[in-house]
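> Okay, sequence plus prediction incoming.
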Amino acid sequence: MSDPVQSAKELATQLSHMLEQEFVALRSQELDQFEQLQPLKNELLAEITRLAPPATEVQTLPQWQDFRELMLVCRDLHRRNSVLMDRKLEAIRGTLESLRFPDPASSVEVYDRLGHISRFSRKSGYSDA
């Protein structure tokens, strides 16, 4: 049987690489690639959970120190990805909000059906015709 400490370290290294790939996919807005990584990431996390002792033991056992440091790196990478995803979602929400409730003072411009830039205006419509 292989050494659980070494196996867990290898899995943590794989997880860090996967989190880097996740970041690249998020940054370039390749959502299909991001979605494909999720099941693989979950499998890695499940295997790490199976191999590693509870966190309280990992902190006190010297042979798990390298693994713990790798997992802290993974935690930071995950947080970075989460922040990027939250920022992108907030930008999308802001855009949707400006499309739903146009503000006359807003500088948001959109294209009309003919491809011309138009500002939102509630004044024009069939009732004005």
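Alright, I've got the coordinates. Numbering: from 1, shown residues only.
> and the helix or strand where Met85 lies, how far from the chain's centre?
Taking DSSP states H and E as the criterion, Met85 maps to helix 65-100. Relative to the chain's own centre, helix 65-100 is displaced by 5 Å; criterion: C-alpha atoms, centre = their mean, to the nearest Å.
> From the contact counts, what lies against that helix?
helix 4-27, helix 55-60 (3 or more C-beta pairs under 8 Å, 6 or more residues apart in numbering; DSSP states H and E). In short, each C-beta sits where N, CA and C put it, glycine included.
> what does the average pLDDT come to for it?
Per-region confidence: helix 65-100 scores 92 on mean pLDDT.
> Return the set of buried residues in it.
Phe67, Arg68, Leu70, Met71, Cys74, Leu77, His78, Asn81 (16 or more other C-beta atoms under 10 Å).
> so can I have JSON lines of those residues showing distance to Lys9?
Below are these laid out as JSON lines (distance: C-beta to C-beta, whole Å):
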{"residue": "Phe67", "distance to Lys9": "5"}
{"residue": "Arg68", "distance to Lys9": "10"}
{"residue": "Leu70", "distance to Lys9": "6"}
{"residue": "Met71", "distance to Lys9": "9"}
{"residue": "Cys74", "distance to Lys9": "12"}
{"residue": "Leu77", "distance to Lys9": "16"}
{"residue": "His78", "distance to Lys9": "18"}
{"residue": "Asn81", "distance to Lys9": "21"}
